[in-house]
Each structure stands twice: as structure tokens, then as C-alpha cells.
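Engineer: Mind folding the following:
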Amino acid sequence: MKIYAGFGVPSIEHFQPYDALQMLMYSFIVFVVAPLMIATGPVMSPAVIGQYPWYPKLFGGRQAARSVHFIGMSIFTVFLVMHVALVLAVHPEHNLVHMMMGQDYEPALVGQAVTRLIIGVVVVVAIWLAASYLSLVDVRRSQRVLYGLQKPVKKLILNRMVSRQRSKQVYTEDDISPFHWVNTRPPDENQSPEWLALRANDFRDFRLEVGGLVAEPKSFSIEELQEIHAQDQITMHTCMQGWTGIAKWSGIRLKVLLDQVEALDDANYVMIESFGTAQHMHDGRPVEPYYTCLTKDMAFEDETILAWGMNGQPLPDMYGAPLRLRTESMHGYKMVKWVRSVSWIKDYREVGDGMGGTREDSGYQDMDARI
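Structural biologist: Below you'll find the predicted structure:
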């Protein structure tokens, strides 16, 4: 270590087969950094921390776990750069023969080892360029292929997990975030004059449309929804951007709302539409109303609600008034704000661009936002 600290090169007899610094670094990476990365990774999933709310507390909370995970990635990056640099700076002929040929050092093997290294680098770069081209030439195809590959794993593991933050009373009012971040802004005159007119009258004229593949569509005012069912839940909101916020949400369970209409036999998914619009569209066409689709399992979860209140007050405009979707097992992009309607549909592939929601259509996210 003294030799490295003085920017010297240890003689070859120090490697038996590794020197002391190498053994310390390998041990640290394998037995400390890697386990921490594995342990903190699942905390990034809202489904995991919703199902097992005690788990992120082991690391001091989700944000602390996220910081540990980031630090671990940074250490891995520094280690990789240093490792490759030292391979090429400290007795490279010995290292390359060992790595490329799998044999002890012989001067006659150095040329072959270097040739194999160059070929390997060229092959890796070629694969990287090809993968980049194939991914970008048809982004929608790449989206379908990648998420299709994930589905069996999600079905086996994540889809079994649902948020239990309310039933376990994980958070209290003392945990509510003093400031809850929010993305996007309320609809403007170009997006929804109808929403602006309803807001001007404090949404007294608002009626939630519940229809689609039902025997008889119905509509409800906020007061009528409150008479049907009301529940409070203090939960953690997770955004795929990394930030979190804790708030108390008051609303009606989506399952209870859907029970107010008779769904037809071919009603398989629930679509929630917004007065707001997408930020952009996949193919550059004019923006369309924001929407998301849920499977029956997602829609029927205990903590999937349409919220009319936040932290004991009517839902603020910025956060989705008069109603916003809360589905606590998912990331925030599924939680539609400024809800206009709820509809039973046959297949989400027949709506929009067929990916399950606005963010899925234009942001290339997955319909299943549990991770």
C-alpha cells in the first residue's frame, strides 16, 4: 500500500496472486458494497415498501436507502475505473496473459493476449452500437420487448405485493411532509376551458362520469361520492424521479365506486381520464388528454382511491382537484390528477397508443408501475 500511495509500481513478487491492496478492495466490494446494493435496490419499488413498510426503515427511510444505493454505484464506478487502469499500468504483460490466455506469464503469449483484448473490445463496442441502433430505430418495439421480458418476473414476485400502509398505520400525521413536491401544472385555457369553468365555481357543478362497458352509465358529484364511502390513508408517494412525499389522502375506494355500476362481461380494465393533457405525444401529434389504465387487481386494491382531500383540506388545484387517483402500490405517474371520468374498457391495447396510459404511450414507461 505504501508503494501505491507513493505512485510506485510493486514488483511482481508482491502478487501471490494478488497484493494486499487488491485483496482489501476485492473484499470490500464483494462483502460490503455489493450486499448493500442488493439490499437497498428493492427499496426503490413502491410495491415492496408498501407491502413491507418496515424494510426501508432498516436504512433510515427510503431516501437514506436511495443515497446508500447511489454511493454504492459511485464506489463501483470508481473501482471499475481504477481496476482497469491498474491492470494496464501495473505489469500489464503479466495481467493480460493471465486474463486473456488463462495461463501463467510467458513472453511469447503477450502478443496473443493483446490481440484477444483488442478483438474483445471491438466486439463489445460493435454490440453496443448495434443495440443502441436497434433500440432507437423503433423505440416502441424496444419498449414492448423489454417490458415483455420483465413480465414473468413481475408476475412471480412484484404482482403479489400490494401496499398495506393504511392497514398497518405505518405513518401518522406527524410524518406528513411539510412540502409535498408535485410535477406538472393545472390545466390552462388551451388544455381544458371546462376544468377552468368548474374551478371558478369551486367544482360545485362537477360530476364524475362512470361508464364505458357498463349496463347503465352514472355520474356523481363530490358530495354524492362522500356519502357512498370515505376513507383516509397516510401514505408515501414515490416518483420514478426519486423523490418521495408523505401525505394524508381522503377519498372513495375505486372498487366501491365501480360497484355502483354493473360492468359487462367483457369489461377487463379500468381507464381513468383527466381534464389535463399529456406533455407531448410519441409521434409528435397534438397533445391528448392524460389517461391511465389499471388491471382489475390494481383497481381493487384497498389503497386505490379517488381522493378529494389532502391533509384534511379539499384537494388543492395543483395536486389534482377535484379528484385524483391514488394507487399506492405504484409510482406516481399512474396517479392521474384532475380526474374527469372512470370507464370500464375491454383492452388497454385499444386505447391511445395501446401501452396502458399516457406516460406509457409517450414516456415509454411500463403499465405496471410497481418498480
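
Engineer: could you pull out the helices for this structure?
Structural biologist: Ranges of helices in the chain, per DSSP state H, are 2-5, 20-28, 34-40, 46-51, 62-89, 92-96, 110-137, 139-156, 193-200, 222-228, 254-258, 296-299, 358-362.

Engineer: Present the ones you listed as TSV; the columns should include mean pLDDT and mean neighbour count.
Structural biologist: No exception for glycine: its C-beta is placed from N, CA and C like everyone else's. Compiled in TSV, those are given as follows (pLDDT from 0 to 100; neighbours: other CB atoms under 10 Å):
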stretch	mean pLDDT	mean neighbour count
helix 2-5	60	11
helix 20-28	83	13
helix 34-40	96	15
helix 46-51	94	24
helix 62-89	91	14
helix 92-96	86	17
helix 110-137	95	12
helix 139-156	92	13
helix 193-200	96	15
helix 222-228	97	15
helix 254-258	98	19
helix 296-299	96	18
helix 358-362	93	24
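
Engineer: Compare these and report which one is nearest to G309.
Structural biologist: Each of those was checked against G309 via CB to CB, and the shortest separation belongs to helix 222-228, namely 9.3 Å.

Engineer: now what about that closest one, what contacts it?
Structural biologist: Counting by CB atoms under 8 Å, 6 or more residues apart in numbering, helix 222-228 makes contact with 203, 206, 208, 220, 251-252, 256-257, 260, 306, 308, 322-323, all of which sit outside it.

Engineer: of the residues you listed, closest to R160?
Structural biologist: Relative to R160, and with distances defined as CB to CB, the nearest of the contacts of helix 222-228 is V256, at 23.4 Å.

Engineer: can you pull the contacts of that closest one?
Structural biologist: Contacts for V256 (CB under 8 Å, 6+ apart) come out as I228, H229.

Engineer: ok, back up a step: adding distance to T172 as columns, could you present the helices of the chain in CSV?
Structural biologist: Rendered in CSV, the data for the helices of the chain read as follows (distance: least, CB to CB, whole Å):
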stretch, distance to T172
helix 2-5, 51
helix 20-28, 39
helix 34-40, 25
helix 46-51, 17
helix 62-89, 17
helix 92-96, 57
helix 110-137, 45
helix 139-156, 32
helix 193-200, 32
helix 222-228, 23
helix 254-258, 25
helix 296-299, 27
helix 358-362, 31
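
Engineer: Just the ones in strands from the contacts of helix 222-228, please.
Structural biologist: For these, the ones inside strands are L208, F220, G251, I252, L306, W308, with DSSP state E as the criterion.

Engineer: Which neighbouring residues are in contact with R207, exactly?
Structural biologist: S219, F220, S221.

Engineer: Next one: it relative to V342, how far apart?
Structural biologist: From R207 across to V342, the span is 12 Å (CB to CB, to the nearest Å).

Engineer: Over to L208?
Structural biologist: Taking CB to CB as the measure, L208 and V342 are separated by 7 Å.

Engineer: just P46 next, same as before
Structural biologist: With distances defined as CB to CB, the gap from P46 to V342 amounts to 22 Å.

Engineer: Domains in this structure, by residue range?
Structural biologist: Structural domains annotated on the chain: 2-152, 166-362, as defined by automatic domain parsing.

Engineer: I'd like these written out as TSV, with distance to D368 added.
Structural biologist: Output for these, formatted as TSV (distance: least, CB to CB, whole Å):
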stretch	distance to D368
domain 2-152	8
domain 166-362	8
